[in-house]
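**Q** turn this into a structure:
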Amino acid sequence: MIMKTNSKRAFSMVTAIITIVFMATLTALIMNVTSKTLQATSIMYQKEQASLLARSYTELAVLYVSGYERTPNSGCVETINSTFGENGNLYTITSTVKYIGNSANNNLPCTTSNILASWSSVNSGFDQTLSIVIDTYVKYKILDDTNINRDVTFHRRTLQKL
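**A** A predicted model of the protein is given here:
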């Protein structure tokens, strides 16, 4: 009778140890999945923030160009540089503007380095329009990426008729 109770106690101890090991393994797995989910959410947030910043600065470039006096001697809007965010989560935004238009009408106020395409025509209609190509780049660092110090660049290109 005494042997049976000792073997029952030993069996209960083994069962308790197996249960504790199983629960610890399950907890470690849950923590790992939670960490990966948190990192993926952070990366998606930063990418979405970069997308919205690129859209905003593209619209800002269109506003600057449309409000700028375009005479042959006044020059033109070429680049817009800015930063957004705090030191730990800083976004660097650069917008470059290139012009497409009719050079016969003198509606291309820029130097040749900022003229993407031009033509000479005295026709009316589309030949009289001025268009711009805006390239907006948003650079940022991934927050959770502590081992590798690399920049991620989000690019948006827009063609806008003025």
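**Q** how many other residues sit next to Ile132?
**A** 22 (other C-beta atoms under 10 Å). All C-beta spots, glycine's among them, are computed from the backbone N, C-alpha and C.
**Q** for it, what are its contacts?
**A** Ala61, Val62, Val65, Val97, Lys98, Tyr99, Ile100, Leu159, Gln160, Leu162 (C-beta atoms under 8 Å, 6 or more residues apart in numbering).
**Q** residue closest to the middle of this structure?
**A** Ala50 (2.9 Å; C-alpha atoms, centre = their mean).
**Q** so after the helix or strand of the chain with the lowest mean pLDDT, what's the next helix or strand?
**A** Ranked by mean pLDDT, DSSP states H and E, the helix or strand of the chain with the weakest confidence is strand 115-119, at a mean of 64. As assigned by DSSP states H and E, the chain's next helix or strand after strand 115-119 is strand 130-141.
**Q** quick one: buried residues of the very next helix or strand once past that next one?
**A** Next in sequence after strand 130-141, counting helices and strands by DSSP H and E, comes strand 151-161. Buried residues in strand 151-161, defined by neighbour count with 16 or more other C-beta atoms under 10 Å: Phe154, Arg156, Thr158, Gln160.
**Q** need the CA coordinates for stretch 133-144. PDB is fine.
**A** Below are the C-alpha coordinates for stretch 133-144, written out as PDB (Å, rounded to 0.1, in the frame of the first residue of the first chain):
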ATOM      1  CA  VAL A 133       6.400  66.600 -62.800                       C
ATOM      2  CA  ILE A 134       6.900  66.400 -59.000                       C
ATOM      3  CA  ASP A 135       9.000  63.700 -57.500                       C
ATOM      4  CA  THR A 136       8.600  63.500 -53.700                       C
ATOM      5  CA  TYR A 137      11.000  61.400 -51.600                       C
ATOM      6  CA  VAL A 138      10.300  60.700 -47.900                       C
ATOM      7  CA  LYS A 139      13.300  59.000 -46.000                       C
ATOM      8  CA  TYR A 140      12.900  57.500 -42.600                       C
ATOM      9  CA  LYS A 141      14.500  54.900 -40.300                       C
ATOM     10  CA  ILE A 142      12.600  51.900 -39.100                       C
ATOM     11  CA  LEU A 143      11.900  52.300 -35.400                       C
ATOM     12  CA  ASP A 144      12.400  48.700 -34.300                       C
END
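**Q** give the PyMOL command for selecting the buried subset of the contacts of Ile132.
**A** Restricted to buried positions by 16+ other C-beta under 10 Å, the PyMOL selection for the contacts of Ile132 reads:
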select buried, resi 61+62+65+97+98+99+100+160
